[in-house]
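Undergrad: can you look at this prediction? I've put the sequence above it.
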Protein chains: 2
Amino acid sequence: MAEITTLRGDAQFLAFMEPVARSIREEFSCAARELSTWPSMAASETVRSWMRSPEIGRHRTWKLVSAAALVSEDSREHLLDLAGRGAEVRIAATPLPQETIIVDRRIAILPVPDALGRRDYTVTTAPAVIGGVLALFEAAWETSAGLAAFLRPDQPQIDVEGRSILRALGSGLSDEAAAGQLGMSLRTYRRRVAGLLDALDAGSRFQAGLRAGELGLTR
Amino acid sequence: MAEITTLRGDAQFLAFMEPVARSIREEFSCAARELSTWPSMAASETVRSWMRSPEIGRHRTWKLVSAAALVSEDSREHLLDLAGRGAEVRIAATPLPQETIIVDRRIAILPVPDALGRRDYTVTTAPAVIGGVLALFEAAWETSAGLAAFLRPDQPQIDVEGRSILRALGSGLSDEAAAGQLGMSLRTYRRRVAGLLDALDAGSRFQAGLRAGELGLTR
DNA sequence: TGCCAGGTGGCAGCAAGCTGCCACCGTTTG
DNA sequence: CAAACGGTGGCAGCTTGCTGCCACCTGGCA
């Protein structure tokens, strides 16, 4: 195979990927914004079925997704299912605008950002590209939180609004200024803060700041 | 240019890079284990001279290096020099085994991992590859610390007593309880806290908690 | 001895944060 | 339709935190 080729549309991708998915020997690394950005449900189902195959246990699977992927119940279940069957799942602190798939440190598959309507995929086997992508993948991986830390029931469940409030707190604004900036009343803002302190099991705002920082909730 | 090409050895790389370095318009992103892993001093000097050129101010420069790069005095100076002239420098938490250079989101240059003795370079302009590498670069970037946080000499301005106060704050005690426990009056305790907020450049106790956590001052 | 500098603690007044109470509003439920 | 419910915002009263002011103590110095 040439060092770099382009697959046009999902059909070609699925046709290409099918034997590749079955030939994974060592490791499968995947970074994605959400779990399924597949345009068609059929493609989505096909990919998920590979993921569900028992063979997944034979190799190591590294799945790095943005926190956005945890919003949908469906996605959470799928991730937990993957994790339950041995895959390593971590949640990146940043949005990860583009997907990245690396198989056995041999093949990298990268969807072309948009193309609006149909998606193309760039496939490369150039060792330098694989190495560079992997180095950055690992750097992002190392600084990401485990799935468990996000979903453990005794772990603070903090939604998007909670995070924006934590960010407001972290910016050093007064309550009044923060409430105004977030478009809510002072009373509601403080209700939220009280709820967050409670969720973080913090007895003071200082302690809450400490905890929030540890949990990476202010980014 | 083809979407992917390989440059053999440093000479080819330098010849290729020279016009590219001068044509940077918007942004120059670079991830590296150390500052100069150039095999020859000559190559190292050439690259540094580009970096030193006044033109660097015309575009944004993002430099992400491992902590290992801070070991040598020489490297520290070079990084500080870069930062002083407008480049953004951050320190990654992980080793970043392979270098990555991206110019204007158009061209990615990736050294081939080893080849022992002479280095080859893979150059690609495939948008998907650039996008994927950039997405991961940005994820690693966002979770990395600024150069200042690593090198600022005025950081350990906080003495042993300051730390014990930060620990008291972090334990969630009220001011009154903390002051009692530390054997000082409420007034003095609050004076100390105010001083710490000032030293941490924090506008609120929450923000101070965040900062103190980042700097590991509460352990 | 007197003076000064620097740190401490009390006090007071103000600002900021916390929370119970209640009224209001849109949605859901019977 | 009415009742119940959950979320919001205003208000009030309280607690906590913040800081200027001043008195006090200690150590250094002339």
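TA: Yep, it's here.
Undergrad: the residue nearest to residue A:145 when sequence neighbours are not counted: how many residues sit nearby?
TA: In space, and not counting its chain neighbours, residue A:145 is closest to residue A:91: 5.3 Å by CB to CB, 6 or more residues apart in numbering or on different chains. In short, each C-beta sits where N, CA and C put it, glycine included. Look at residue A:91: counted by other CB atoms under 10 Å in any protein chain shown, it has 22 neighbours.
Undergrad: residue A:91 against residue A:68, yeah?
TA: No - under the criterion of CB atoms under 8 Å, residue A:91 is not in contact with residue A:68, lying 9.6 Å apart.
Undergrad: still on that earlier bit, wait, what's in contact with the residue nearest to residue A:145?
TA: A:64-67, A:69-70, A:144-147, A:149-150 (CB atoms under 8 Å, 6 or more residues apart in numbering or on different chains).
Undergrad: which one of these is nearest DNA strand C?
TA: residue A:70 (23.3 Å; CB to the nearest atom of the strand).
Undergrad: and the pLDDT for the residue nearest to residue A:90 when sequence neighbours are not counted?
TA: Once flanking residues are discounted, residue A:90 sits nearest to residue A:144: 4.1 Å by CB to CB, 6+ apart. Confidence at residue A:144, expressed as pLDDT, is 77.
Undergrad: give me the phi and psi for residue A:144.
TA: According to degrees, to the nearest 10, the main-chain angles of residue A:144 amount to phi -110, psi 160.
Undergrad: number of nearby residues for residue A:198?
TA: 11.
Undergrad: helices along chain A, start to end?
TA: For chain A, the helices defined by DSSP state H occupy A:9-23, A:41-52, A:73-84, A:127-142, A:147-151, A:160-170, A:175-182, A:186-199, A:205-214.
Undergrad: hmm, the longest one in reach of chain B?
TA: Yes - for helix A:127-142, a contact with chain B is found by CB under 8 Å from any CB of the partner chain, at A:127-129, A:131-140, A:142.
Undergrad: mind listing what's buried in that helix?
TA: Buried positions in helix A:127-142, judged by neighbour count with 16 or more other CB atoms under 10 Å in any protein chain shown: A:127-141.
Undergrad: any idea of the angle that helix forms with helix B:127-142?
TA: Inter-element angle recorded for helix A:127-142 and helix B:127-142: 30 degrees (by axes from the mean of the first three to the mean of the last three CA atoms, to 10 degrees).
Undergrad: alpha carbons of helix A:127-142, as PDB, please.
TA: Provided in PDB are the C-alpha atoms of helix A:127-142 (Å, rounded to 0.1, in the frame of the first residue of the first chain):
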ATOM      1  CA  PRO A 127       6.000   5.500  10.400                       C
ATOM      2  CA  ALA A 128       6.800   9.100  11.100                       C
ATOM      3  CA  VAL A 129       3.100  10.100  10.900                       C
ATOM      4  CA  ILE A 130       2.100   7.200  13.000                       C
ATOM      5  CA  GLY A 131       4.800   8.000  15.500                       C
ATOM      6  CA  GLY A 132       3.900  11.700  15.700                       C
ATOM      7  CA  VAL A 133       0.200  11.000  16.100                       C
ATOM      8  CA  LEU A 134       0.900   8.400  18.700                       C
ATOM      9  CA  ALA A 135       3.200  10.700  20.700                       C
ATOM     10  CA  LEU A 136       0.600  13.300  20.900                       C
ATOM     11  CA  PHE A 137      -2.100  10.800  21.500                       C
ATOM     12  CA  GLU A 138      -0.200   9.500  24.500                       C
ATOM     13  CA  ALA A 139       0.500  13.000  25.800                       C
ATOM     14  CA  ALA A 140      -3.200  13.700  25.700                       C
ATOM     15  CA  TRP A 141      -4.000  10.300  27.100                       C
ATOM     16  CA  GLU A 142      -1.700  10.700  30.100                       C
END
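Undergrad: so residue A:59 is in contact with residue A:23, correct?
TA: No - with contact defined as CB under 8 Å, residue A:59 does not reach residue A:23; the gap is 10.1 Å.
Undergrad: looking at the two, which has the bigger crowd around it?
TA: The neighbour count for residue A:59 versus residue A:23, taken as other CB under 10 Å, is higher for residue A:59 (15 against 11).
Undergrad: residue A:101 versus the residue lying closest to that one once chain neighbours are set aside, what's the distance?
TA: Counting by CB to CB, 6+ apart, residue A:24 is the residue found nearest to residue A:59 once chain neighbours are left out, at 4.9 Å. Distance, residue A:24 to residue A:101, by CB to CB, to the nearest Å: 11 Å.
Undergrad: now do residue A:172
TA: Residue A:172 is 40 Å from residue A:101, by CB to CB.
Undergrad: pretty sure the residue nearest to residue A:90 contacts residue A:96?
TA: No - proximity of residue A:144 to residue A:96 does not meet the contact threshold set by CB under 8 Å, at 9.9 Å.
Undergrad: so what sits against both of these two?
TA: Contacts common to residue A:144 and residue A:96, judged by CB under 8 Å, 6+ apart, are residue A:64.
Undergrad: circling back: ok, the residues of helix A:127-142 next to chain B vs DNA strand D, which is closest?
TA: Nearest member of the residues of helix A:127-142 next to chain B to DNA strand D, counting by CB to the nearest atom of the strand, is residue A:140, at 33.4 Å.
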